[in-house]
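Novice: Could you work out the structure for the sequence below:
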Amino acid sequence: MARQPIQQAFEFREHGGKRKGAGRPRKPGRPCEPHGKRPSLRARWPVHAILRIERHVGNLRTRNKYHAVRRALQTTHKRTDFRVVHISVQSTHVHLVVEAANEAALGRGLQGFQIAAAKQLNATAQRKGRVFADRYHARILQSPRDVRNVINYVLNNWRHHHEDERLETRYWMVDYFSSGPTFSGWKDPPGKPPPSYEPLATKPPETWLLAVGWKHWGDLATYAVPGRDCYEG
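Specialist: I've put the predicted structure just below:
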């Protein structure tokens, strides 16, 4: 008589779901930007955007990488629904104050700038690979005081990171790795930049908040350290 097969016990394991350790492992270092739905954007509201780079790209505050970013910035000028009004290049990230017709135009404009900057930076370093670390961070600005604080934060961000304490930058009034040298809203104008200086070419603002509204709170001081010497709103 044939023996009946014995059913082996099988342990079911659940995959996914909300449990400790589930999901994609986190990357080391700074947390990534959350992948939630972007808030709706109206054309009258400026946006503060931050683009972070991968570690292997190195310090952006060098002459060659500055010019790579400057060339990439020029590619955004042909867009009519997106414009970069202020920019600051820090060692590991780029700050932008932009205007866009809506959230779709914002995404396309920032993506276009990132693609152009990645190509320029890789060409400068004679390398290939990813340049920007994750999704861009974007915050919509809806009040004159908020806009003023952000302009100060972006243009004086080098003081926030103590870049003004370096030997080669100690006597700068404004950050030459930003659009600060061509900014017209300083209460203590820094004077003309060196003849060899090639500025980061931005576009004039078209929103009331960036063109007029922020000035209600007064011009900016070149020596103001963001988070300490500016109005907080």
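Novice: need the strands for the chain, in chain order.
Specialist: 47-52, 82-89, 93-100, 137-140 (DSSP state E).
Novice: what's the longest helix in this protein?
Specialist: Scanning the chain for the longest helix, with DSSP state H as the assignment, gives helix 103-125.
Novice: where are the low-confidence patches of this structure?
Specialist: Within the chain, the stretches with pLDDT under 70 are 1-38, 228-233.
Novice: What are the boundaries of the helices in it?
Specialist: Using DSSP H, helices in the chain cover 63-74, 103-125, 144-155, 157-160, 208-211.
Novice: pull the CA atoms of the fourth one into PDB?
Specialist: Meaning helix 157-160. Output in PDB follows, covering the C-alpha atoms of helix 157-160 (Å, rounded to 0.1, in the frame of the first residue of the first chain):
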ATOM      1  CA  ASN A 157      24.100  82.400   3.000                       C
ATOM      2  CA  TRP A 158      27.900  82.400   2.700                       C
ATOM      3  CA  ARG A 159      28.000  84.200   6.100                       C
ATOM      4  CA  HIS A 160      25.700  81.600   7.600                       C
END
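Novice: Touching it from outside, list them.
Specialist: 88, 90, 95, 153, 164, 169, 175, 177-178, 223-227 (CB atoms under 8 Å, 6 or more residues apart in numbering). Every C-beta, even on glycine, is put in place using the N, C-alpha and C of the backbone.
Novice: would you turn the strands of the chain into TSV with distance to F113 and mean neighbour count?
Specialist: Compiled in TSV, the strands of the chain are given as follows (distance: least, CB to CB, whole Å; neighbours: other CB atoms under 10 Å):
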stretch	distance to F113	mean neighbour count
strand 47-52	8	20
strand 82-89	7	23
strand 93-100	8	24
strand 137-140	13	16
